[in-house]
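S.K.: okay, here's the prediction I keep looking at, along with the sequence it came from:
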Amino acid sequence: MRFVVRRILSACGVVLTLTFVTFLLARVVPSNPAAVYIGPRARPEQIARVRAQLGLDDPLLVQYLTYLRDTVTGDWGTSIGTKRPVLDEILSRLPATLELIAVAMTVAVLVGVALGVLAARHPGGLLDGTVRILSIGGVSMPAFWLGLLLQIVFVGKLGVLPATGRLDRTLEYTQPLREVTGFHLLDALLTLNAAALSSAASHLVLPALTLAAYPAGLMARMTRATMREALEQDYVLAARASGLREGFIVWRLALRNAIPPTLTVLGLTVAYALTGTFFVEVVFNWPGIGLFATQALLNVDYPSIMGITLLAAIGYLMVNLVVDVVHARLDPRVRLT
Amino acid sequence: MTTVPADLLAAGAAADSAVTSPFGSTLRRAGRVLRRDPLACLGLLLVVLLVAAAVLGPWIAPYPDQGRGVADVSSRVQAPSAGHWLGTDQLGRDVLSRIIFGARGALLVPLLVVGLAVLVGVPLGAVAGYRGGRLDELLMRVTDVFLAFPPLLLAMVAVAVLGPSLLNAGLALAVAWWPWYARLVRGVAQSLRDRPFVEAARAMGVSQPRILSRHVIRNAVTPVMVQATVDLGTVILAAGALAFLGLGAQPPAPDWGLMVSEGRVSTMTAWWISTFPGLAIFLAVLGFNLFGDLLRDVLDPRDAR
Amino acid sequence: MSALLEVADLKVEFRSHGETTSTPLRGIDLRLEAGEMLGLVGETGCGKTLTGLSVLRLLPASAHATGTVRLDGADVLAMSGRRLGSWRGRAVSMVFQHPGNAFNPVYPVGWQMVQVVRRHLGLSRARARQHVVEHLQMVRLTDVERVADAYPHELSGGILQRAMIATALLCRPRLVVADEPTTALDVTIAAQILDLLRDLQQEHGFAVMLITHNLGVVRSVCDRAAVLYAGRVVETGTPEQLFSCPTHPYTRGLLGALPVGSARQQRLRTIVGQVPSDLRTVRGCSFAPRCPLVHDRCLVEDPAPVTVAVGHDAACLLAAGR
């Protein structure tokens, strides 16, 4: 328990530092922060107003503290592009992105680990070679290119899956989906809307696969390596000597030892997922944070950029924290440190 | 002054020869790995192709002017054919030539980025890891902030602030990347700090910079080289991604990521415009990843897969 | 009358890419009677561990074994995979050298033992747990519940080794192969473990193949012993026969190398030379290059075991002369 508290505290420290950095980036780096804040098409009186609003003539520390206070109370500024509060924009788009990441990561972990284990059981075999190729291919593939390829093949040539968006437009008239959580799959299940469920699922397939390619490849590579090492350990030999079944030895005894090192990689893949969604959402026109962020970056929408940066940092740190905790639970030796 | 015991001297000398591996045996090991592993050969081949395209670009491209960006409106959007092996884009430019010309940027940007990251990160990490104490603490805090962030995201934000261009993208990526090398070398330095041969060197009065350069950095060379090779591929990916979003190279540069983005409007009708540049990125990254694996197998056989 | 374990002409070679890279076992012949403790002695690399593993057919994928290993009438090398799975742990079991490594670090010790019980005896979880607890008591452990619930890294080497012996006996095997069970333990604990093993053996009647490089261990607990050199058995007999009348020059060398009493000023006596590194090319007696009694015949002829006395064999051309 103390372990968890310590990690949370250190994560808070990092987030705090990060807020300071983003603050500096927005206020100190540009020569005219007010103009930058409000956008390229501002008029002089608007700029002056923003200067007063942001308190740009106050000492830096005061500015930072006000910024901190605003952030904590939920005022993350107003988006230059949409003119709505940044926090609202982010929160309204969050479920779409989270749904995509959740599905993609689940697929990636399940497929990646399974492939890694299968490859490790017969080193040097055909499956091993195939998994090696697939995993290194997955890791090398640009997400935006894979997405386009999948669109060309499955939408253009085969016509079996939709190209963009989260739901069939026509559903709005026939069987509109009532939003409960914002996660379309969940909502469709909860409201017993079969048409929406199938539509949401079919729209998820290509984006999720695109996003899953890299993490799956990484997990397969790592699992293969750690499983090979685990299978060479004395306890596997001892388990065989006791007559335990091979399937049990591989999937329950060895895998439990092979998973913890792969968890550190999982943290890395979440970092990838955070940036990967940018591209996947752009290619598939998925209305999530990534699409919003890309537009914000191109328009130099400062408040939005800073808000997204903060969100990304918090999310990343939280995931790393969860990964550490799970690691400690799976490997009893870690709890001592 | 007391004389140094002979065994300490011997330890130092032995450590020296333990650090440097004879070049000949490394080459032989490389040959063995290449013969056994077809994927390693593929990696080598892809990297060589990339370098060849970058160096010989203007001479081997079938339509060099179009490669540089000159349009040929009469042959717009042509499917792959005998005249244009990979087709032409919306401005009639030969896709193959543009890809070949794009190799130069694809290679130079990662070299710049990784080079900078190594030049900055390695010395910092070495000093901090070896000296420890407050310098180390400071480095850890700073890198913590950087590492709390996916590097690509950091680069994206930096480019948005600085303005989209290839150079800014490169600089932003370098800034995002150096902490990884600092941490890597710091780890090596820490593990070496208390080893007997380093103590022996200290006892003999070898100055700190000398210890750092001869022992710490020499030992860090292998992991840094392997990481750098793979990172070359990752940076190609990142730079291409930035260009795809419009945050990197700008038109009419023959940047692969940019070309994928330009071809997006005609994905369904003219699939070749986006597909081939993307394929080029994929093969380049694949090549560096495989080459990195090869390097690791050759230089550090203990990590045999 | 057939013995419990009969190993005949056991050869093991390692192959890589179709080529034989080494032949660590070049024709092992052994007999083990029911309830007997046979010591397998030799220096590192002579093939004793591999012999033990062969009895359970626990060889790595690159190893190819020929010959027969007959346990209770069944040929282990010819068994189907399925039969082998129910054979191991039940008819024969193994105790390993490093108890800390032989247990899975991420599961409690008791849980791992329960898995073995349920695999072979099909008991319910509660009954299996009871069975495990009884066996932990049998190996003279106190605070048995705590041991069963503990993770391997929380227990000392001595306790873990007892637990491993308990695991080996869970399904009442007829033969237990113990691979250097006391080498990794300190001397007093080692003595206790050996006593335990001996007592359990006499109480429950299973046979033990004790693999060791320690001649003292052989002398104190074994009924009979076989000396291995370079993948072959060079001498077999009771400890008394081996110690009082060592016939094979290698055995003589081993015994001669034992430090005698308090002779501090003397240098330790060693056997000159080294074990041949590539056993594939050995001609004649494998010990010939190092043998102080070597003749020309020894370099050409491969000596077969010769009976020196009842139950005492030695594979040396000179033994025949006695």
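M.R.: Sure thing, it's come through.

S.K.: gap between the closest residue to residue A:255 other than its chain neighbours and chain C?
M.R.: Distance criterion CB to CB, 6 or more residues apart in numbering or on different chains; nearest residue to residue A:255, sequence neighbours excluded, is residue A:117 at 6.3 Å. Every C-beta, even on glycine, is put in place using the N, C-alpha and C of the backbone. As judged by CB to the nearest CB, to the nearest Å, residue A:117 and chain C stand 16 Å apart.

S.K.: give me phi/psi at residue A:117?
M.R.: Backbone torsions of residue A:117, given as degrees, to the nearest 10, read phi -60, psi -50.

S.K.: so what's it up against?
M.R.: A:223-224, A:227, A:250-251, A:255, A:258 (CB atoms under 8 Å, 6 or more residues apart in numbering or on different chains).

S.K.: by neighbours, which of these wins?
M.R.: Most neighbours among the contacts of residue A:117, by other CB atoms under 10 Å in any protein chain shown: residue A:223, with 29 neighbours.

S.K.: does chain B sit close to the helix or strand in which it is found?
M.R.: Taking DSSP states H and E as the criterion, residue A:223 maps to helix A:194-231. Yes. Interface with chain B: helix A:194-231 contributes A:225, A:228 (CB under 8 Å from any CB of the partner chain).

S.K.: now that helix: buried residues?
M.R.: Neighbour-count burial for helix A:194-231, counted by 16 or more other CB atoms under 10 Å in any protein chain shown, picks out A:195-197, A:199-200, A:203-228, A:230-231.

S.K.: output the contacting helices and strands for it.
M.R.: If you count contacts as 3 or more CB pairs under 8 Å, 6 or more residues apart in numbering or on different chains; DSSP states H and E, helix A:194-231 packs onto helix A:86-121, helix A:126-140, helix A:143-150, helix A:171-174, helix A:184-190, helix A:255-284.

S.K.: report the distance from that helix to the chain centre.
M.R.: Offset of helix A:194-231 from its chain centre (CA atoms, centre = their mean, to the nearest Å): 13 Å.

S.K.: wait, does the helix or strand following that helix contact chain C?
M.R.: As assigned by DSSP H and E, the chain's next helix or strand after helix A:194-231 is helix A:234-241. Yes. For helix A:234-241, a contact with chain C is found by CB under 8 Å from any CB, at A:234-235, A:237-241.

S.K.: what residues does helix A:234-241 touch?
M.R.: Applying CB under 8 Å, 6+ apart, the contact partners of helix A:234-241 are A:230, A:246, A:249, A:253-254, C:56, C:58, C:88-89, C:93-94, C:96, C:98, C:101-105, C:164.

S.K.: and if you look at stretch B:127-139?
M.R.: Under CB under 8 Å, 6+ apart, the answer for stretch B:127-139 is B:124-125, B:140, B:182, B:185-190, B:192-193, B:208, B:211-212, B:216.

S.K.: quick one, which of those residues are buried?
M.R.: Buried subset of these (neighbour count, 16+ other CB under 10 Å): B:124-125, B:182, B:185-186, B:188-190, B:192-193, B:211-212, B:216.

S.K.: as a markdown table, those with distance to residue C:287 would be great.
M.R.: Putting those into a markdown table (distance: CB to CB, whole Å) gives the following:
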| residue | distance to residue C:287 |
| --- | --- |
| B:124 | 60 |
| B:125 | 56 |
| B:182 | 58 |
| B:185 | 53 |
| B:186 | 54 |
| B:188 | 48 |
| B:189 | 51 |
| B:190 | 50 |
| B:192 | 46 |
| B:193 | 49 |
| B:211 | 51 |
| B:212 | 54 |
| B:216 | 50 |
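
S.K.: nothing else from me, thank you.
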